[in-house]
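Visitor: Provided below for reference: sequence and predicted model.
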Amino acid sequence: MRLVVIYFIGLTFGLGICISGMANPAKVINFFDLFGTWDPSLMFVMGGALVVTLFGYRFVLKRPAPVFDTRFHLPTARDIDAQLVGGSALFGVGWGLAGFCPGGALPALGAGRWEVAAFVAACLAGMLIARFVKDAMGRSPQTA
Amino acid sequence: METSFTPIASLFGGALIGVAAVALMAFAGRIMGATGILSGAALIRKPGDTDWRIALIAGMVTAPPLLWLVTGSLPAVEVPVSTVSLVVGGALVGIGVTFGGGCTSGHGVCGMARFSVRSVVATLTFMAATFVTVFIARHVVGG
């Protein structure tokens, strides 16, 4: 039951990504191309997602625990450090080059295009490299 | 490559993303962050903590075929960049989100919705870096 519910949550996320245009790199890159073929649609994606999540979280996080778990797994990191800023900057460069972010690419995989698979494979390779470097630096990965 | 402005579809799709994020917290107590979901599913570190991530990805991947069944066409996936940009960009995304601890969904939606200062800093940083990168790629190098 738990995994069935989670499957449908993934489906809802995927439908949102596809309907909003986040699965389309041309649209994503155009959002950032203010001095070219600008398409402001992504502002509406972020706006819609943020407003719903903001109000939804306030309601959900007041409950003692989630339905299928004993507690909410919330990130505990608080520090603004070089890893956060440098990593996010690198992510932005990659997003601008490729036009895919992880959340846009995962549902797009279902459209059966080789470009998406190539991006996700490169992304996983990057994650492995970063993990290796992080481990060498003696700190474990934290994910928001 | 021009794309048409789609405020209604984008707002509706964005709201669905929000519904999924809230539902995942309500049912599984997890942040809807594609970075953690992908790395946790594919690059296993904690055994026993991967099944929900795989179920989630299975649901995501079903969205395009379902849309195809209902509307008769797959969602548009137009790639306006070279394969080199796609692969180099993909690797940088993978490295960046691992160090930055999240991406557009984890920091940009879920983290910002929790008023996490880390997420606000991360989101402003990657949005600015993406903007600069697209400007250089389209108007300096490619222009």
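Guide: Yep, it's here. Numbering: from 1, shown residues only, chains lettered A, B, ... in the order given.
Visitor: what about the helices in the chain?
Guide: Reading this off chain A. A:2-20, A:25-32, A:41-60, A:82-98, A:102-108, A:114-136 (DSSP state H).
Visitor: you looked at the wrong chain, it should be chain B
Guide: B:7-28, B:34-42, B:51-71, B:83-100, B:112-113, B:117-135.
Visitor: Report the contact partners of residue A:45.
Guide: Contacts here follow CB atoms under 8 Å, 6 or more residues apart in numbering or on different chains; on that basis residue A:45 touches A:20-22, B:10-11, B:13-14, B:17. For the C-beta atoms, the positions are set from N, CA and C on the backbone; glycine is no exception.
Visitor: Most remote residue from the middle of chain A, which is it?
Guide: residue A:64 (26.5 Å; CA atoms, centre = their mean).
Visitor: Turn the helices of chain B into TSV, including mean pLDDT.
Guide: Rendered in TSV, the data for the helices of chain B read as follows (pLDDT from 0 to 100):
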stretch	mean pLDDT
helix B:7-28	98
helix B:34-42	92
helix B:51-71	97
helix B:83-100	97
helix B:112-113	96
helix B:117-135	97
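Visitor: Mind putting these into CSV with distance to chain A?
Guide: Output for those, formatted as CSV (distance: least, CB to the nearest CB, whole Å):
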stretch, distance to chain A
helix B:7-28, 3
helix B:34-42, 4
helix B:51-71, 2
helix B:83-100, 2
helix B:112-113, 4
helix B:117-135, 3
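Visitor: Those: which one's closest to residue A:126?
Guide: helix B:83-100 (2.3 Å; CB to CB).
Visitor: Now do that closest one: distance to the chain's middle.
Guide: 13 Å (CA atoms, centre = their mean, to the nearest Å).
Visitor: and the angle for that helix with helix B:117-135?
Guide: For helix B:83-100 and helix B:117-135, the angle between their directions (axes from the mean of the first three to the mean of the last three CA atoms, to 10 degrees) works out to 160 degrees.
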